[in-house]
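> When you get a sec, could you give me coordinates for this:
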Amino acid sequence: MSQWQLKTPVVFIIFKRPETTQKVFDVIRQAKPPQLLVIADGHRIDRPGEAEQCAATRTIIDRVDWDCEVLKNYSKINLGCAKRVASGLDWVFNTVEEAIILEDDCVPHPTFFRFCEELLNRYRHDQRITSISGQNVQFGQKRTEYSYYFSRYQHCWGWATWKRAWQYFNFDEQLWSNVLELDLLTEILGEAQAVRAWRKNFQSTYSGKIDTWDTRWMLSCWVQSGLSIISNVNLVSNIGFGNQSTNANQKKSRYSQMPVEEMNFPLNHPPFIIRNRAADNFTQNTLFDYSPTLLKRIARKIKLIATY
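Model prediction:
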C-alpha cells in the first residue's frame, strides 16, 4: 500500500455533522485522491442552529492540504436526502466517468480505496456489474474464498460506480408503478416474503414516507439485472446512527460502528460472475426484513448473536 497512489476521484456527501465528517475526511486525506467532488445540502430554515452546523461542516473541506482539485456542489436550499444525493450524483457523473463515494458518517479502512479502484478498472466495461461496495453485513461469515462476491443488493455505505451504470438511475415514481403493475418483484426476488418486504419499502419510498435515494438506486439496478460486488470483509464502519441521522436513527443497531478489516492484496478474483445466494439470503433476512413476525425477530436476534 505504501507504493500505491489513488488515481480515482472521490465523492464526499456532507450535510451538518462536522464531527463525523472530520473522521471520514481524515481517512480521505490519507488516500490523497487527485480529485474531490463534494455534495452538500442546504440547511432547513425551521431548524435552529442547523445553518451554523452546515457551515462548520463545509469548512472541513477547506482543509485539503494535498495536491487535489476540489469541486463543490453546494445547495443554497434544503433539498432533502433523496433529491440532494440524487441530483449531486447526477452532477458527479456529468463530470467524471467513475468515482468512489463516501457519506459523512461512513468511515472506511484505508484499503477500501484501492479495493474500489482496482475493481472499477477490472469491471469498467462489464455491463453486468453496477456497483462495488465495501459494506459487508455478514457479521464475520466468509462467504467465499475470493476477495469479494457478487450480490443483487446495492450497498451504499462506502461504494463506487461508473457513469455507465448511474445512467440507469430513475428517481420517478413511474418506474415503481411499472414494476408493481407487471409484478416484477416476484420475477426479481422469487420468495414471497422478500417480495412483501420490498413492496412495502418501495411503496414507502415512492409515496414520500421515507426520504431516501438508495432504494430508488436499488430498483433501478434490479430492472437492469445489475449485480454489485461486495468485499468479503467489512471495509466501512457507519458511525452515524443516532438522532441526527436521516434514516439510521437506531443507536443500538448492530449495524452501527461495525468493525473494519484490512483487504489483502493482490486481490483474489473469482473466476465466475454469479450472485452468492447464501449471502443474499442472510442479508434479506436480517438487514432488509422490514416487517418480521415476533418469532422471526427472536430467531433473527439469536442468529446474529451466534455470528459474533
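> tell me the average confidence for stretch 149-165?
Averaging pLDDT along stretch 149-165 gives 98.
> excluding its backbone neighbours, what's nearest the one residue sitting closest to the centre of the chain?
The chain has Cys156 as the residue nearest its centroid, 0.6 Å off, counting by Cα atoms, centre = their mean. Take Cys156 and drop its neighbours on the chain: the residue closest to it by Cβ to Cβ, 6 or more residues apart in numbering is Asp214, 4.8 Å away. C-beta coordinates here come from the backbone N, C-alpha and C atoms, glycine included.
> Tell me which residues touch that neighbour, please.
85, 154, 156 (Cβ atoms under 8 Å, 6 or more residues apart in numbering).
> Please apply the same query to Arg124.
Arg124 neighbours (Cβ under 8 Å, 6+ apart): 98, 162.
> now Ile28
Contacts of Ile28 (Cβ under 8 Å, 6+ apart): 10, 12, 36, 102.
> burial of the third one, as a residue count?
I take that to be Leu36. When neighbours are counted by other Cβ atoms under 10 Å, Leu36 registers 21.
> tell me the pLDDT at Ser253?
pLDDT, Ser253: 88.
> Would you map the strands across this protein?
Applying DSSP state E to the chain gives strands spanning 10-14, 35-40, 69-74, 98-103, 106-108, 129-133, 148-151, 159-162, 227-231, 236-238.
> Which residues outside the first one are in contact with it?
Translated: strand 10-14. So strand 10-14 is contacted by 21, 24-25, 28, 31, 33, 35-40, 57-58, 60-61, 85, 88-89, 92, 99-104, 113 (Cβ under 8 Å, 6+ apart).
> Please apply the same query to the second one.
Applying Cβ under 8 Å, 6+ apart, the set of residues contacting strand 35-40 from outside is 9-15, 28, 54, 57-58, 61, 64, 68-75, 84-85, 88-89, 91-92, 95-96, 99.
> Mind doing that once more with 6 Å?
9-14, 58, 61, 68-74, 88, 92 (Cβ atoms under 6 Å, 6 or more residues apart in numbering).
> Quick one: mean pLDDT over that strand.
Here the average pLDDT along strand 35-40 is 98.
> Run me through the strand neighbours of that strand, direction for each.
Within its sheet, strand 35-40 is paired with strand 10-14 (parallel), strand 69-74 (parallel), according to DSSP bridges.
> So for Gly140, which of those strands sits nearest?
strand 10-14 (27.7 Å; Cβ to Cβ).
> the inter-axis angle of the closest one versus strand 98-103?
30 degrees (axes from the mean of the first three to the mean of the last three Cα atoms, to 10 degrees).
> In strand 10-14, which residues are buried?
Neighbour-count burial for strand 10-14, with 16 or more other Cβ atoms under 10 Å as criterion, is recorded at 10-14.
> Then stretch 30-49?
Here stretch 30-49 shows 31-33, 35-43 as buried, counting by 16+ other Cβ under 10 Å.
> how far does it sit from the chain's center?
Taking Cα atoms, centre = their mean, to the nearest Å, one finds stretch 30-49 lying 16 Å from the centre of the chain it belongs to.
> likewise stretch 149-166?
7 Å.
> Give me the below-cutoff pLDDT ranges for the protein.
1-2, 243-251, 290-308 (pLDDT under 70).
> And the helices in it?
Using DSSP state H, the helices of the chain run over 18-31, 50-61, 81-93, 111-122, 163-166, 173-182, 184-189, 192-206, 214-222, 277-286, 294-307.
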